[in-house]
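Trainee: quick check, what structure comes out for this input:
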Amino acid sequence: MAQRIQIRLQPASYRSRPVESEDVEPDHLLVLVHGILASPSDWKYVEAELKPQLGNRYLLFASAVNSYLNTFNGIDTAGKRLAEEVGFVVKRTPSLKKISFLGHSLGGLFARYAISVLYKSPSGAVSLTENQSLVEELERRGEKNVHDTRQKATIAGLEPLDFITLATPHLGVRGRQQLPFLLGLPVLEKLAAPLAPFFVGSTGRQLFLTDGKASDPPLLLRMATDCEDGPFISALRAFKLRITYANVSYDHMVGWRTASIRRESELSKPPRRSLEGYKHVVNVVDYPPIESLNPQFEEGTARAKEAVQSAPTSTKKAAAYHDILEEEMIRGLQQVGWRKVDVSFHAALWPFLAHNYIHVKQEWLHYEGAGVIRHVVDTLANKDEQTVVKSKL
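Mentor: This is a model prediction of the structure:
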C-alpha cells in the first residue's frame, strides 16, 4: 500500500553548516546527468545551490561525455560512456567512499544503464535479486544487518546512497499523452514513432519501444529486470533511496505517469497547494517494493511488436503493444521501493516551460523551479534530520 508522507526539512536558506576546511578531501561523489541535446552547463544553478549546503565532502561532477548530439546514439551507448566516465573520476579521486546520481529527463535513463555497468556484488555477498521483498521489509523495520548486506553491493566500487531522477521517461514515450507536446492527438502520436529515429537516432527507437528485432524485448523492458544486458534492478536496489520527481502537467516532453512510474489508474488529481518552503512541490508519496514476477516478453508481445514495426502508424496496434509493455515495465521497476515527488507548475506565468523549470536549466528563464531544487538539496543535505509523518492514502 502506498503511503503519503510529509517530510519536514529545515530549508537550506535557514540552515547553517559548520565551517569546513577547504582542504577536506571529498568522500561522496554526486554525478549530475543532463538530458537530450543538453550539456553540463544545464547544471550551473543546481551546482550553485548544492555546494554551500553539501560542503566539501561532496564532489559534484556534471557529466560531459554525452553532450548534445551524443544523446542520439542510444541509451545503452550513452550509459556505457557515462559508466566509463564515472569510473575515471573515481580512479583519480581515491578519497571517494560513496556515490549518488541526479539525472534530468533522458539523463535519468543514461544513469540507470550506467549503474548496471558499474554494479558489483562481491562473491560471498547475499544476492539482492533473491528474497527481495524480505530484504526491503526488514530494512523498513530498521534492521541493521540489512544495511550491512546492502553495502556489500557497490557502484563503481563505492557505497551507493541516492538515485534521483527529474522528469525522466522511465516507461518510454510511446502511449497516450506520454509525449505531451503531441497534445494527445492520435494523428500526431501515430506519426511520432516512425519519424523519431530520423530526428533522435537509436535513442528515438528505444524511447518508442520499437528497437531491435521483433523477437527481442525492447531495451527499456530489459532495463526493468536483471538480464544478460545487465543487473538493472539489483543496481537500483543497491541504493538506499530512489526518488522520482515528475511534472503532473504542462511538461511538453515527458508525461506524468512515465516520469513517476505509475499506471494511468494510479494517477489522481494532485493537490494544488505547494508544500511549505518548496514552491510547486505538491505531493510526496513513498511506494514500498512489491514482490512480483520479472517482466515477460511473450510470443504474443513479440507479434504485437512486429505488427507495430511493420505498420508504425497504426494507433490501435501501437496502443495494444504499449499497454502490454507498460504493465511489464512497471511490474519490474516496482520490485524496488520509490519515493515519488509530484511537481505542479500550474500557477507559473509560463507553465509550458515545466520540463526545464524542474531543474532550472537557465536561472533567468526557469527560476520557477527553484523550490523543486531546494527540495532536492534539502533531501541530500538534511536526510538524517528529516521528520517523516506517514498516513495511509
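Trainee: next, the contact list for the closest residue to residue 168 other than its chain neighbours, please.
Mentor: Excluding the flanking residues, the one nearest residue 168 by CB to CB, 6 or more residues apart in numbering is residue 108, at 2.9 Å. Every C-beta, even on glycine, is put in place using the N, C-alpha and C of the backbone. Taking CB atoms under 8 Å, 6 or more residues apart in numbering, we find residue 108 in contact with 33, 165-166, 168, 170.
Trainee: can I assume residue 108 sits in a strand?
Mentor: No: looking at residue 108 with DSSP: H, G, I helix; E, B strand; the rest coil, it is helix, so not inside a strand.
Trainee: returning to that earlier point: top of the contacts of residue 108 by neighbour count?
Mentor: Using other CB atoms under 10 Å as the neighbour criterion, residue 33 leads the contacts of residue 108 with 33 neighbours.
Trainee: what does the model give that one for pLDDT?
Mentor: Looking at residue 33, its pLDDT is 98.
Trainee: got the phi/psi numbers for it?
Mentor: Main-chain torsions, residue 33, degrees, to the nearest 10: phi -120, psi 110.
Trainee: now it: closest residue in space that isn't a chain neighbour?
Mentor: Using CB to CB, 6+ apart and skipping residues adjacent in sequence, the residue nearest residue 33 is residue 107, 3.5 Å away.
Trainee: so that neighbour makes contact with residue 164?
Mentor: No: under the criterion of CB atoms under 8 Å, residue 107 makes no contact with residue 164, lying 10.8 Å away.
Trainee: settle it for me: which of these two has more neighbours?
Mentor: The residue with more neighbours, out of residue 107 and residue 164, is residue 107; 31 against 24, by other CB under 10 Å.
Trainee: tell me who's in contact with the more buried one.
Mentor: For residue 107, the contact set (CB under 8 Å, 6+ apart) comprises 33-35, 38, 63, 66, 165, 168.
Trainee: number of nearby residues for residue 349?
Mentor: By other CB under 10 Å, the residues close to residue 349 number 7.
Trainee: and it, which of the three is it?
Mentor: coil.
Trainee: neighbours around the closest residue to it other than its chain neighbours, how many?
Mentor: Excluding its sequence neighbours, the residue lying closest to residue 349 (CB to CB, 6+ apart) is residue 368, at 7.6 Å. When counting by other CB under 10 Å, one arrives at 21 neighbours for residue 368.
Trainee: surely residue 368 and residue 357 touch.
Mentor: Yes: proximity of residue 368 to residue 357 meets the contact threshold set by CB under 8 Å, at 4.7 Å.
Trainee: any common contacting residues for these two?
Mentor: Applying CB under 8 Å, 6+ apart, one finds that residue 368 and residue 357 are jointly contacted by 280, 345, 348.
Trainee: quick one, grab the pLDDT at the second one.
Mentor: To tie it back to what came earlier, the one meant is residue 345. For residue 345, the predicted pLDDT is 97.
Trainee: ok, back up a step: determine which two of the contacts of residue 107 are furthest apart.
Mentor: 66 and 165 (15.4 Å; CB to CB).
Trainee: list the buried residues of the host helix or strand of residue 322.
Mentor: For residue 322, the host element (DSSP states H and E) is helix 315-333. Going by neighbour count (16 or more other CB atoms under 10 Å), the buried part of helix 315-333 is 317-319, 321-322, 324-326, 328-333.
Trainee: could you point out the helix or strand that follows it?
Mentor: In the C-terminal direction from helix 315-333 (assignment by DSSP H and E), the next one is strand 338-343.
Trainee: packing partners for that following strand?
Mentor: Contact partners of strand 338-343 among helices and strands, from 3 or more CB pairs under 8 Å, 6 or more residues apart in numbering; DSSP states H and E: strand 241-247, helix 256-260, strand 281-287.
Trainee: that one pairs with which strands, and in what direction?
Mentor: If you go by DSSP bridges, strand 338-343 pairs up with strand 241-247 (parallel), strand 281-287 (antiparallel).
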